[in-house]
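Student: Okay, structure incoming, though there's no sequence with it:
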């Protein structure tokens, strides 16, 4: 007796062909398949052409004898002036004056930068729009005025009011640096993520505390980097401000050049170069430590 065939009356399921399934999946519209139009390349070309035209126009408006600048006679005169700087003046009395003027230059730049940082933090809060659009416009205008006036002009005005010495030079550095740091810090506040501030506010924290613990720690590394960079610039600017009697190494340089004391002038120039190099190295080391 033969066993009955079990598969004779049982229908077998048929699987969907793999090619059909693949086609169905690939033809479904997806967001990733939507092409994002790229910006036109002509925009960048026009910007570069405009910059090139501006540079060419700037050189065209410069008046002077460019050939005389690089002539053999001019090079010989500059070489003779550089030779007059040597040998350097190294008497103990003069080196003591150099050391005191160097400390004065460092103090001017440091105090000016710290005062500017304090003022910039105060003005940057409304300049970032945290107190409304009206206050933002007023604060931004104030920062623009401080930044637009160079340190030399500020010092010229303050020397008339406060007299000669490092005090007007320090204030001149502070006023100009306030405009620069205030703008950078305000932009950092605007670009900071709002989630930490909003999370603290939702949990009942006041606006001042939420800003101090939610926004300020995020932008603190940027503020430190900006401040160190401006301190480097203020070291150089403090040396230039001495030309108008604002104290420091710059004032010594102006006096010695005016009296044609070239050996003394060479020593002052070497001191200024060493000071800038040391400050740059120290600032680079501090920024590296903060990054780690």
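Tutor: That came in fine, so what should we check first? Note that the coordinates shown come from a computational prediction; the quantities given were computed from them, not determined experimentally.
Student: list the buried ones in the host helix or strand of residue 145?
Tutor: Under the assignment given by DSSP states H and E, the secondary-structure element containing residue 145 is helix 133-148. Buried residues in helix 133-148, counting neighbours by 16 or more other C-beta atoms under 10 Å, are found at 136, 139, 140, 142, 143, 146, 147. Placement of C-beta: from N, CA and C, glycine included.
Student: residues contacting residue 120?
Tutor: If you count contacts by C-beta atoms under 8 Å, 6 or more residues apart in numbering, residue 120 has them with 177, 178, 181, 182, 185.
Student: at 6 Å what do you get?
Tutor: Neighbour list for residue 120: 178, 181, 182, 185 [criterion: C-beta atoms under 6 Å, 6 or more residues apart in numbering].
Student: and residue 252, helix, strand or coil?
Tutor: helix (DSSP: H, G, I helix; E, B strand; the rest coil).
Student: What residues does it make contact with?
Tutor: 101, 268.
Student: Secondary structure element holding the spatially most central residue of the chain?
Tutor: Central residue of the chain (C-alpha atoms, centre = their mean): residue 226, 5.5 Å from the mean position. Using DSSP H and E, the element containing residue 226 is helix 216-241.
Student: Who are the packing partners of that helix?
Tutor: helix 92-127, helix 166-191, helix 248-258, helix 262-291 (3 or more C-beta pairs under 6 Å, 6 or more residues apart in numbering; DSSP states H and E).
Student: Would you tell me which of those helices gets closest to residue 48?
Tutor: Distance to residue 48, taken as C-beta to C-beta, is lowest for helix 166-191 among these, at 25.5 Å.
Student: Quick check: next helix or strand after the closest one?
Tutor: Moving toward the C-terminus from helix 166-191, the next element (DSSP H and E) is helix 195-202.
Student: which residues are contacting the helix or strand just after that following helix?
Tutor: Tracing the chain C-terminally past helix 195-202 and defining elements by DSSP H and E, one meets helix 207-210 next. Residues external to helix 207-210 that are found in contact with it (C-beta under 6 Å, 6+ apart): 197, 200, 201.
Student: List the contacts of residue 165.
Tutor: By C-beta under 6 Å, 6+ apart, the residues touching residue 165 are residue 247.
Student: Out of the contacts of residue 120, which comes closest to residue 151?
Tutor: Of all those, the one with the least separation from residue 151 (C-beta to C-beta) is residue 178, at 11.4 Å.
Student: dump the residue contacts of that closest one.
Tutor: Residue 178 sits next to 116, 119, 120, 146 when contact means C-beta under 6 Å, 6+ apart.
Student: same thing but at 10 Å, please
Tutor: Applying C-beta atoms under 10 Å, 6 or more residues apart in numbering to residue 178 gives the contacts 112-113, 115-124, 142-143, 146-147, 230.
Student: Write the PyMOL selection for whichever of those are buried.
Tutor: Selecting the buried subset of these in PyMOL, with 16+ other C-beta under 10 Å as the burial test, is done by:
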select buried, resi 112+113+115+116+117+119+120+121+123+124+142+143+146+147+230
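Student: how far off helix 92-127 does the helix holding residue 145 point, in degrees?
Tutor: Counting by axes from the mean of the first three to the mean of the last three C-alpha atoms, to 10 degrees, helix 133-148 points 160 degrees away from the direction of helix 92-127.
Student: Residues touching helix 133-148, excluding its own?
Tutor: Among residues not part of helix 133-148, those counted as contacts by C-beta under 10 Å, 6+ apart are 116, 119-120, 122-132, 154, 174-186, 190.
Student: again, 7 Å this time
Tutor: When contacts are defined by C-beta atoms under 7 Å, 6 or more residues apart in numbering, helix 133-148 is touched by residues 123, 126, 127, 129, 175, 176, 178, 179, 180, 182, 183.
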